[in-house]
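Asker: below are the sequence and a predicted model for it; my questions follow.
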Amino acid sequence: MNALSFANVSAAYGARRILSGVTATIRSGAVTAIVGPNGAGKTTLFRTALGVLPSDGVISILDHDLASWSREALARTVAYLPQGADAHWPINAQRLVALGRLPHRKPFAPPSAADEAAVTDALARCEASEFADRAIDELSSGERARVLLARALATSAPILMADEPAAHLDPAHQLSLMRLLKDEARRGTAVLVTLHDLALASRYCDEILVLEKGTVAAQGAPDQALDDATLARVFGIRALRVREGEGSAVLAWTPL
Amino acid sequence: MHGTAAKESNWIRFSGGRSRARVTFALLVIALALSSLSFFLGPADLTPYELVSGLFTGHGAAGVIAREIRLPRAVLALFVGAALGASGAALQGLFRNPLAEPGVTGVTSSAGLGAVIALYFGLATISAAALPACAVAGALVSAGILYLLSRAGAGVMALVLAGVAIASLATALTALALSLAPNPYAMSEMVLWMMGSLKDRTISDLVFAVPLTVVGIALLVSAARGLDALTLGEEAAHSLGIDVGSVRRRVVFGVALATGAATAAAGAVSFVGLVVPHLLRPFYGYEPARLILPSAFGGAALIALADIIVRFADPSEQLRLGVFTALLGAPFFLWLILRLRRDA
């Protein structure tokens, strides 16, 4: 079953067309990276899948048309971590993560045991348990990023979409983020992330979707999707590769 | 507005749901106690027994004073305070800013303008509903403008400045209405009314203020969960299943109804919605949902207390309730800005 599929999806902000005829499928149990130059439409693709931005074409979630999903059911199915996510009130980390349980809670009901377990588990997996009691504005930007990711994980949704989750992380935490996302995929979740770091994308993701000016330039395993021709055409770069297993991974890049 | 809001103090953490419920209950009890005290205090030399029996029987001078003067004033204090406190908490949640408040954002002065228009054009003499209706309409226009600005992506500072502009415009139009007033008595009546007071209110003021306030606060409470989710920003709130547009509409309508009703009944009373949520955060934390109902009770207690103080500070009541709250609230507002600057 495809977790998420886009069939000929187009979207625009007013007169400015961002996506034109995107067709792609996202598998459950895999980490899919969306890469592409700035303005390629990566965030816009997320926004169409969330129904925030109206689109033409067909978007299916767990093989059901997006339009057929109720707001509540969709919230339990797709967890989303926006780009540059932040908290607007200095609430403590644990309570912030608990906001991820809102789709599972009835209005005015206190958190259930399952809610509490999900929050504790999400904090632990994001290595954020030690500052669970601290106010979010007392944390470093890397710690805050981990708490915000825990918020998205706490929803326990079968689809996780994260926009630039690696942006504020130091190199070691970037690696633990990628391990965490892989682990999440192993539990059966369809993990969809946008990344600017092609090395992270090629080494830690199962599948790559390359967007260029609102269209799909390539999709497939990292080796194929990030081949020399695509990198040259889409990014204007040449990759320096390192042999990994049976294939090779992008390590660094230089101008053409 | 992470970084600018004050830090959550450490001693909040041990207060779980049960102790929050206790604080909320205590606020309600304090509000009711102050309101009762307000009922028993006044220039007429009557014992509590005379007043209570007057209230129930309606006989004699005590009956008239209890029913026509003391009761409306005591009850109105509760509802005006509750409306303003809850509106402040909800607006702060919607704008994600601890400086938002009906007075600061121009909602109160716009409600005042609506009320002055009702008085000026004589609408208030045609129907008793005209004054509250015009006040709610005025509040709705200003809250709606702020809502549209926030939808268009205006930042927090832009919204606060827009509130300043709306307040100035409303004040200017009110001044225009006053200088065009048909006779000097009408003018002085309007000026005094705008200063905010609970003096000489009648049961008919309650007839509109109570239901409008109750419906307004109910709307705000129904938006509470969405306001919590908005802590994470609009897109994240949307992804959590929150209809962000509906949350905004509920807050705008709820604030307009509650603030409009409060302003129609008591004139311009500012800063209650700013001070009360701030004082309660040490007990409740920062999630907007938790603060709405306690802010209503806290606001009720504050106005009941303030109304007792203005009567005792000067029995002739030259010190108006709205003037008194502004004298306390405006310096508090400045202090809060300084503190937020320092924390940022």
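Answerer: It's in. Residues are numbered from 1 along each chain as shown, chains lettered A, B, ... in the order given.
Asker: contacts, neighbours, all on C-alpha from now
Answerer: Fine.
Asker: A:Arg76 contacts A:Ala154, correct?
Answerer: No: using C-alpha atoms under 8 Å as the test, A:Arg76 is too far from A:Ala154 to be in contact (10.4 Å).
Asker: look at these two and report which has more neighbours.
Answerer: More crowded of A:Arg76 and A:Ala154, by other C-alpha atoms under 10 Å in any protein chain shown: A:Ala154, with 25 against 21.
Asker: pLDDT value on the more buried one, please?
Answerer: We have a pLDDT of 97 for A:Ala154.
Asker: please name the residues that touch it.
Answerer: A:Val97, A:Ala98, A:Gly100, A:Arg101, A:Ala118, A:Val119, A:Asp121, A:Ala122 (C-alpha atoms under 8 Å, 6 or more residues apart in numbering or on different chains).
Asker: so how far is B:Leu340 from it?
Answerer: Going from A:Ala154 to B:Leu340 by C-alpha to C-alpha, to the nearest Å gives 31 Å.
Asker: ditto for A:Ala118
Answerer: Taking C-alpha to C-alpha, one finds A:Ala118 at 34 Å from B:Leu340.
Asker: kindly report the same for B:Arg311.
Answerer: Using C-alpha to C-alpha, one gets 34 Å for the distance from B:Arg311 to B:Leu340.
Asker: of these two, which one has the most company?
Answerer: B:Arg311 (20 against 17).
Asker: per-residue confidence for that one?
Answerer: 87.
Asker: same thing with the one 10 residues further on?
Answerer: In the predicted model, B:Leu321 carries a pLDDT score of 88.
Asker: number of residues surrounding it?
Answerer: 27.
Asker: does it touch B:Phe271 like I think?
Answerer: No: using C-alpha under 8 Å, B:Leu321 makes no contact with B:Phe271, being 11.7 Å away.
Asker: buried ones in the host helix or strand of B:Leu328?
Answerer: Using DSSP states H and E, B:Leu328 sits in helix B:321-343. Neighbour counts over helix B:321-343 (16 or more other C-alpha atoms under 10 Å in any protein chain shown) mark B:Leu321, B:Gly322, B:Val323, B:Phe324, B:Thr325, B:Ala326, B:Gly329, B:Ala330, B:Phe333, B:Leu336, B:Ile337, B:Leu340 as buried.
Asker: ok and the one helix or strand B:Ser246 maps to relative to helix B:321-343, angle-wise?
Answerer: Using DSSP H and E, B:Ser246 falls within helix B:244-266. With axes from the mean of the first three to the mean of the last three C-alpha atoms, to 10 degrees as the basis, helix B:244-266 and helix B:321-343 are set at 140 degrees to each other.
Asker: could you point out which element follows helix B:244-266?
Answerer: Assigned by DSSP H and E, the successor of helix B:244-266 is helix B:272-284.
Asker: pull the residues that contact stretch A:65-76.
Answerer: With C-alpha under 8 Å, 6+ apart, stretch A:65-76 has contacts from A:49, A:51, A:58-60, A:103-104, A:155-157, B:239-242.
Asker: buried ones in it?
Answerer: A:Leu66, A:Arg71, A:Glu72, A:Leu74, A:Ala75, A:Arg76.
Asker: show me what contacts B:Gly144?
Answerer: B:Val252.
Asker: in chain A, which residue sits nearest chain B?
Answerer: A:His88 (4.2 Å; C-alpha to the nearest C-alpha).
Asker: thought that residue was touching B:Ala236?
Answerer: No: A:His88 lies out of contact with B:Ala236 (C-alpha under 8 Å); the separation is 12.0 Å.
Asker: just the C-alpha atoms of stretch B:182-198, please, in CSV.
Answerer: Extracted in CSV, the C-alpha atoms of stretch B:182-198 (Å, rounded to 0.1, in the frame of the first residue of the first chain):
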residue,chain,number,x,y,z
PRO,B,182,-26.9,68.2,20.1
ASN,B,183,-26.6,69.8,23.5
PRO,B,184,-23.9,70.2,26.2
TYR,B,185,-25.7,67.8,28.5
ALA,B,186,-25.6,65.1,26.0
MET,B,187,-21.9,65.7,25.6
SER,B,188,-21.1,65.6,29.3
GLU,B,189,-23.2,62.4,29.6
MET,B,190,-21.2,60.7,26.8
VAL,B,191,-17.9,61.9,28.3
LEU,B,192,-18.7,60.6,31.7
TRP,B,193,-20.0,57.4,30.3
MET,B,194,-16.8,56.8,28.4
MET,B,195,-14.7,57.1,31.5
GLY,B,196,-16.1,53.8,32.6
SER,B,197,-18.3,53.3,35.6
LEU,B,198,-20.7,51.0,37.2
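Asker: which residues sit against that stretch?
Answerer: B:73, B:76-77, B:112, B:116, B:119-120, B:178-179, B:181, B:263, B:265-269, B:307, B:320-323.
Asker: let's go with 6 Å and repeat that
Answerer: B:Arg73, B:Leu178, B:Ala181, B:Ala266, B:Gly267, B:Ala268, B:Val269, B:Arg320, B:Leu321, B:Gly322 (C-alpha atoms under 6 Å, 6 or more residues apart in numbering or on different chains).
Asker: so how far is B:Leu321 from the nearest residue to the third one once chain neighbours are set aside?
Answerer: Nearest residue to B:Ala181 in three dimensions, chain neighbours excluded: B:Met187, at 5.8 Å (C-alpha to C-alpha, 6 or more residues apart in numbering or on different chains). B:Met187 sits 19 Å away from B:Leu321 when distances are taken as C-alpha to C-alpha.
Asker: doesn't the residue of chain A closest to chain B lie inside a helix?
Answerer: No: applying DSSP: H, G, I helix; E, B strand; the rest coil, one finds A:His88 to be coil, outside a helix.
Asker: may I see the buried residues of helix B:321-343 arranged in a markdown table, with distance to chain A as well?
Answerer: What follows is the buried residues of helix B:321-343, written out as a markdown table (distance: C-alpha to the nearest C-alpha, whole Å):
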| residue | distance to chain A |
| --- | --- |
| B:Leu321 | 32 |
| B:Gly322 | 30 |
| B:Val323 | 31 |
| B:Phe324 | 30 |
| B:Thr325 | 27 |
| B:Ala326 | 26 |
| B:Gly329 | 22 |
| B:Ala330 | 23 |
| B:Phe333 | 18 |
| B:Leu336 | 15 |
| B:Ile337 | 16 |
| B:Leu340 | 12 |
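Asker: following the least confident helix or strand in chain B by mean pLDDT in sequence, what is the next regular element?
Answerer: Counting by mean pLDDT, DSSP states H and E, chain B has its least confident helix or strand at helix B:184-194, which shows a mean of 76. Counting by DSSP H and E, the next helix or strand C-terminal to helix B:184-194 is helix B:203-222.
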